[in-house]
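K.L.:
Below are the sequence and a predicted model; questions follow.
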Amino acid sequence: MAEEHHIANFDPRSFFTLHDFDGNGFWDQAEILKFYGMEDETAKDVSQGKKDELIREILRLMDTNRNGAVEKEEWDRYSTSGGEGGSPGLLPDFGLGPGHHWDIEMEYEIHHWEKYHDENTKEEDLIHPEDIAHFKKHDELEDEAERVAALDKMSVVDQNIPAKFRRNA
């Protein structure tokens, strides 16, 4: 999780601001789930109970005024003290994986490109399974966008008409 968040590269205030996804000055429960990667497809098998437990524990550790959110000042206190015996600035690791919370480009950049490629990499060098899967995902997204665009151009989309209302159904 620390690697995913590049924690060592940020001071606590910057880290807080980067993860305050809606910019309202606090981390609400949805943001906590997001920076722990619970919105990512890789977390689809994590139970709601485990997600609720994660939120309860983060709020127990950081939400000192018990308003159901982590405010910047609360993060400042937690990140400098380390909470309950933790290392200063580190989020608790719940063993749920790295905490994917960016789009597919940023995730690919962090988890693969930075490790195996650089600005001198040529297209023909992109042969790792992760490269192939990444570009396959791009192809799938493009195909889906083209399919939706074609449907948007149609005045009537037959597939959207319930069978009982179609002629020859």
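P.N.:
Right, received. Where do you want to start?

K.L.:
In the chain, where is pLDDT below threshold?
P.N.:
1-9, 82-89, 97-103, 107, 110-111, 169 (pLDDT under 70).

K.L.:
Would you map the strands across it?
P.N.:
26-27, 70-71 (DSSP state E).

K.L.:
closest one to R166 among those strands?
P.N.:
strand 26-27 (49.4 Å; C-beta to C-beta). C-beta here means a position set from N, CA and C on the backbone, and glycine is covered the same way.

K.L.:
which residues does E105 contact?
P.N.:
Listed by C-beta atoms under 8 Å, 6 or more residues apart in numbering, E105 has no contact partners.

K.L.:
Mean neighbour count and distance to T64 for the strands of the chain - can I get that in TSV?
P.N.:
Below are these laid out as TSV (neighbours: other C-beta atoms under 10 Å; distance: least, C-beta to C-beta, whole Å):
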stretch	mean neighbour count	distance to T64
strand 26-27	22	12
strand 70-71	22	9
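
K.L.:
L141: which of these is closest?
P.N.:
Using C-beta to C-beta, those put strand 26-27 closest to L141, at 29.3 Å.

K.L.:
Would you mind pulling the contact partners of that closest one?
P.N.:
By C-beta under 8 Å, 6+ apart, strand 26-27 touches 16, 19-20, 35, 69-72, 75.

K.L.:
picking that back up, want to throw the strands of the chain into CSV with distance to A43?
P.N.:
Listed next are the strands of the chain as CSV, based on distance: least, C-beta to C-beta, whole Å:
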stretch, distance to A43
strand 26-27, 18
strand 70-71, 20
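
K.L.:
and of those, who's closest to H117?
P.N.:
strand 26-27 (32.5 Å).

K.L.:
next one: that closest one to chain centre, how far?
P.N.:
16 Å (C-alpha atoms, centre = their mean, to the nearest Å).

K.L.:
Buried residues in the lengthiest helix in the chain, which are they?
P.N.:
Counting residues, the longest helix found in the chain (DSSP state H) is helix 129-153. By 16 or more other C-beta atoms under 10 Å, the buried positions in helix 129-153 come out as 131, 134.

K.L.:
can you list contacts of it?
P.N.:
Applying C-beta under 8 Å, 6+ apart, the contact partners of helix 129-153 are 104, 108, 111-112, 116, 126, 157.
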